[in-house]
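A.B. asks: Curious how this folds, go ahead:
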Amino acid sequence: MPTSRRREVLGYLAGHPLVTESLRRRLLGAAGVELEGYVEILSGLRIAGEGGIRIGDGCFLNHDCLIDAAADVVIGRKVALGNRVALLTSGHDFSAPELRAGARVLRPIVVGDGAWLGAGAVVLGGVTIGEGSVVAAGAVVVRDVPPHSLWAGVPAQHLRELPV
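C.D. replies: Predicted coordinates:
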């Protein structure tokens, strides 16, 4: 696995709008990102951290997505990420009053097959997005989302079940 800095540089280059799809795949592969089958990634992708990143076949990542893979990130098949979606695996424990951002905490993220995360959605570490679920634009997901459900808000709340 490449170092975190090397991964960031390769990810930055892969996210450049003038990079071809085939070169983008090669750069992401060199950065340790596992692409399973065809994945469409538009410009501006940023990746960081030394955790594993696996993106399933048929996924679509829109412009300016961020994958902070301090811990592992698994994105299932046929997942759609809207503009500026952020997957953030690192956070901090609350600490003493003079330094609330205490010890760093790393938690993986899993996005199930067929899920759709709307523009600007943020998923925090330790969360699993169930298959076929939708996270509305601008939502901040702080707990697991069951399969085939719609979530929205800050923090994201369950709105309803979706047809299967």
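A.B. asks: low pLDDT regions in this protein?
C.D. replies: Applying pLDDT under 70 to the chain flags the ranges 1-2.
A.B. asks: Try it again at 80.
C.D. replies: 1-4, 95 (pLDDT under 80).
A.B. asks: which residue ranges form the helices in it?
C.D. replies: For the chain, the helices defined by DSSP state H occupy 4-14, 21-30.
A.B. asks: Can you add mean neighbour count and distance to V134 and give those back as TSV?
C.D. replies: Yep, even glycine has a C-beta here, placed from its N, CA and C like the rest. Output for these, formatted as TSV (neighbours: other CB atoms under 10 Å; distance: least, CB to CB, whole Å):
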stretch	mean neighbour count	distance to V134
helix 4-14	17	26
helix 21-30	16	26
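A.B. asks: A115: which of those helices is closest?
C.D. replies: Taking CB to CB, helix 21-30 is the member of the helices of the chain nearest to A115, at 20.5 Å.
A.B. asks: List the residues that contact V105.
C.D. replies: S90, G91, H92, D93, G125 (CB atoms under 8 Å, 6 or more residues apart in numbering).
A.B. asks: Narrow these to just the buried residues.
C.D. replies: With burial judged by 16 or more other CB atoms under 10 Å, the buried subset of the contacts of V105 is S90, G125.
A.B. asks: Can I get the contacts of V105 in CSV including distance to L61?
C.D. replies: CSV is the format used below for the contacts of V105 (distance: CB to CB, whole Å):
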residue, distance to L61
S90, 20
G91, 22
H92, 27
D93, 30
G125, 19
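A.B. asks: Isn't V123 up against G91?
C.D. replies: No - the criterion here is CB atoms under 8 Å, and V123 misses it with G91 at 11.7 Å.
A.B. asks: quick one: which of the contacts of V105 is nearest to K78?
C.D. replies: G125 (23.4 Å).
A.B. asks: picking up where we left off before, from the contacts of V105, which single one is nearest D72?
C.D. replies: Comparing the contacts of V105 against D72 with CB to CB places G125 closest, at 10.2 Å.
A.B. asks: For that closest one, which non-adjacent residue is spatially closest?
C.D. replies: R107 (3.3 Å; CB to CB, 6 or more residues apart in numbering).
A.B. asks: Okay then, goodbye and thanks.
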